[in-house]
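Asker: Need a 3D model of the following:
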Amino acid sequence: MSHGKQFTLYGDAGGPNPWKVVLVLTELGLTYESIFLNISKQEQKSPEYLKLNPNGRVPAIIDHENDNFVLWESNAILLYLVDRYDKDHKLSAATDAEKAIQNQWLFFQASGQGPYFGQFFWFNRYHSEKVPSAIERYYKETERVYSVLNDVLTKQEWLVGDKITIADISFITWNKAAFNSILGPDYHVEEKFPAVYKWNNAMTSRPAIKLVSEIQAEVRKNAAH
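Answerer: Numbering: from 1, shown residues only. Purely as a prediction, here's the structure:
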């Protein structure tokens, strides 16, 4: 079966996790076709999609140049992409020690930033009843994650070695959600966590990442109509 693009990427218009995959695909110059699922209509729970991702979440990818290999979980996808397609280590660690540190931060993002930021947003904005203890817990955890990052980034420019890697990139989309909506308009990240703010700006000023931001804005605009 012939495919025009190397990858098929299943995602949605607004969710942070699929877009981090888009960031790495774009940085590496890999071609992909996006299929956007309507999360509000539970399309990610359809029998067809569950055959690809039994967890019923986005993202998932199909690598058509690797025997239609299917993979889900966003940070696992990032690791796969650089392990297979970043032989020059443009976005990935090269030594065993740096790979271990890279993976450490990917786990921290997946177990800390994503869940805590998401739970704070849910309980603060969407939960059917106000649960002050839950809001307080996840607000404090959100700040704790940024405190950890800020402490490290005060001493160094990037999380791993002396260049941007997928470890850094994995945080971008949840940072965007936090800065724009999760923490609210009166929360000043640049004052509370200046090293995080500087690091995030260094990443989002990259041409590929600016391009993805423009693409996402257009996708979200079209999805709203």
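
Asker: quick one: the strands in this protein?
Answerer: Applying DSSP state E to the chain gives strands spanning 7-11, 32-36, 60-63, 69-72.

Asker: For the last one, buried residues please.
Answerer: Residues of strand 69-72 classed as buried by neighbour count (16 or more other CB atoms under 10 Å): 71, 72. C-betas here are computed from N, CA, C, even on glycine.

Asker: Give the rounded mean pLDDT of that strand.
Answerer: Strand 69-72 comes out with an average pLDDT of 98.

Asker: Show me what that strand is packed up against.
Answerer: Packed against strand 69-72, as judged by 3 or more CB pairs under 8 Å, 6 or more residues apart in numbering; DSSP states H and E, are the following elements: strand 60-63.

Asker: In its sheet, which strands sit next to the strand it packs on, and in what direction?
Answerer: If you go by DSSP bridges, strand 60-63 pairs up with strand 7-11 (antiparallel), strand 69-72 (antiparallel).

Asker: Can you give the contact residues for that strand?
Answerer: Strand 60-63 is contacted by residues 6-10, 21, 32, 49, 52-53, 68-72, 77, 80, 84 when judged by CB atoms under 8 Å, 6 or more residues apart in numbering.

Asker: where along this structure do the helices fall?
Answerer: 16-27, 47-52, 74-85, 96-108, 114-121, 132-153, 166-169, 172-177, 189-192, 194-204, 207-224 (DSSP state H).

Asker: Output the strands of the chain as CSV; include the columns distance to residue 210.
Answerer: Formatted as CSV, the strands of the chain follow (distance: least, CB to CB, whole Å):
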stretch, distance to residue 210
strand 7-11, 19
strand 32-36, 18
strand 60-63, 23
strand 69-72, 27
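
Asker: mind giving me the domain split of the chain?
Answerer: Domain segmentation of the chain under automatic domain parsing yields 7-90+207-224, 96-204.

Asker: got the contact list for residue 147?
Answerer: So residue 147 contacts residue 193 (CB under 8 Å, 6+ apart).

Asker: ok, now how distant is it from residue 76?
Answerer: Distance, residue 147 to residue 76, using CB to CB, to the nearest Å: 27 Å.

Asker: Can you list the low-confidence ranges for the chain?
Answerer: Counting by pLDDT under 70, the ranges of the chain that qualify are 1-2.

Asker: what about the strands paired with strand 60-63, which gets the closest to residue 178?
Answerer: strand 7-11 (19.4 Å; CB to CB).

Asker: quick one: that closest one to strand 32-36, angle?
Answerer: Interaxial angle of strand 7-11 relative to strand 32-36 (axes from the mean of the first three to the mean of the last three CA atoms, to 10 degrees): 20 degrees.

Asker: mind checking which of the strands paired with strand 60-63 is nearest residue 199?
Answerer: Comparing the strands paired with strand 60-63 by CB to CB, strand 7-11 comes nearest, at 24.7 Å.
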